[in-house]
Each structure stands twice: as structure tokens, then as C-alpha cells.
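Q: this one's structure only:
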């Protein structure tokens, strides 16, 4: 099954869904009844653990994205079945939470756990040669801490192939990846660090621009 929702889009849906559920819980038809309380609780939970998720729209990146999806699934299932478990008879109290739970389960089912999905920023097959043995290259590409260094936007899918470079010149990395991610990975492998121009001189400034604060870091 193709899972077209990447982590960035999923994050947008998280914040939109959480806000919408809290807003819906205040509608007169839902206020002061079980369905409204259920939606408000679900919406608040969404916003809280989205804030702590390690994806593009997370603020305090502590919760792994896969764990986030697991929480989504458990919460959605609970929302869908809770009215029946509690014996709620009113159609609104039964079917509104159930409909929201089914929607959330559908969003989880269409979300790629790797975070890639069918992102707007399409990636194409790329290849780069690294002057390092295959074992060392594989170790870096499969290390989550190193992946966060060379793919800070979280676009690295983790799907790659390693081949011996012609003439014994090291290892070729073939991947569906952002070219910038591959360049940074190459720098980490060959230089041990990612080279940036941050803090470098930005060139001569005219008399007007020299009197103003600058945002130019040379990056």
C-alpha cells in the first residue's frame, strides 16, 4: 500500500486536526455533552504530543515519529470505540467521536512511517562517490544521530544501495534523496564534519548597509 503522507504533511494535519477538534467541541450541539468532551480531549492530546514530536513541525523534538504514529492509532481507536464501551445511546455522542476516530485511523494508515511519503519536494535518484569503505559508509547512513546531522529537514528515507566505486576509489551511494543530504553525508564521511560558510565575511558593505544590522551569515 502506498503511503503518500510524509511527516511534514502529517504535522500540518496534526495541528489543524487538534485545533479543529477543540473548536468543534465548543459548538452548541456538542458543548456540555460526552461528544464535545471527547473531541476536546483528543484535540488537546494531539497538540501536546505533536509539540514534542521529532519531525519538521515539532518544537521540542523528543518523541520519535513512529511513536507519534502509534499514539495517533491508539488514540483514534479509543475515540472510535469509547462511546460503545461506555454504553452511550445518544446518536451524536456515539457517531461524532466514531467518525473522528475513523478519520484519524485513515490518516495514520496513509502516513509513511519513514517520514518520506509523497512529499511536495520530490526527490530523484542520486549517486555520490565517497572515498571510504562500504562498512563505514553503511554505519553512518544507518546511525540515527548521524542521519539527523546530514538530513536536518528529515527528508532522508533510509532507502539506499551501496556499490564499489570503479577503480577501487571507495563506495558509491545510490539513493532517492535530496542532493544536499548526500553532499552533507559525503562531507561527514570524508572530513568528519559538515562544512558551512557561517560566520564568514559577507564581502564589502556600502555606507548605508554598514549602518544597518545584518542577517547575512555567509551561509
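A: Thanks, I have it. No experiment lies behind these values; they were computed from the predicted model shown.

Q: which residues make contact with stretch 130-141 from outside it?
A: Contacting residues not belonging to stretch 130-141 are listed as 146-147, 158, 160, 162, 164-165, 169-173, 185-186, 188-190 [CB atoms under 8 Å, 6 or more residues apart in numbering]. Any C-beta I mention is one placed from the backbone N, CA and C, and that applies to glycine too.

Q: Now that stretch: buried residues?
A: Neighbour-count burial for stretch 130-141, counted by 16 or more other CB atoms under 10 Å, picks out 130, 132, 134, 137, 140-141.

Q: Contacts only, for residue 8.
A: Taking CB under 8 Å, 6+ apart, one finds 55-57, 119, 154 in contact with residue 8.

Q: Residue 82 now?
A: Taking CB under 8 Å, 6+ apart, we find residue 82 in contact with 38, 97.

Q: Ok, residue 142 next?
A: residue 158.

Q: Tell me how far it lies from residue 159.
A: With distances taken as CB to CB, to the nearest Å, residue 142 is found 11 Å from residue 159.

Q: Next, the contact list for residue 61, please.
A: If you count contacts by CB under 8 Å, 6+ apart, residue 61 has them with 52-55.

Q: run the last query once more with 10 Å
A: Residues counted as contacts of residue 61 (CB atoms under 10 Å, 6 or more residues apart in numbering) are 51-55, 148, 154.

Q: Narrow these to those that are buried.
A: 51, 53-55, 154.

Q: any weak-confidence spans in the protein?
A: 1-2, 116-124, 196-219 (pLDDT under 70).

Q: domain ranges for it?
A: 7-109, 124-191 (automatic domain parsing).

Q: mind putting these in CSV, distance to residue 115 included?
A: What follows is these, written out as CSV (distance: least, CB to CB, whole Å):
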stretch, distance to residue 115
domain 7-109, 4
domain 124-191, 5
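
Q: is it true that residue 26 touches residue 36?
A: Yes: with contact defined as CB atoms under 10 Å, residue 26 and residue 36 form a contacting pair (7.4 Å).
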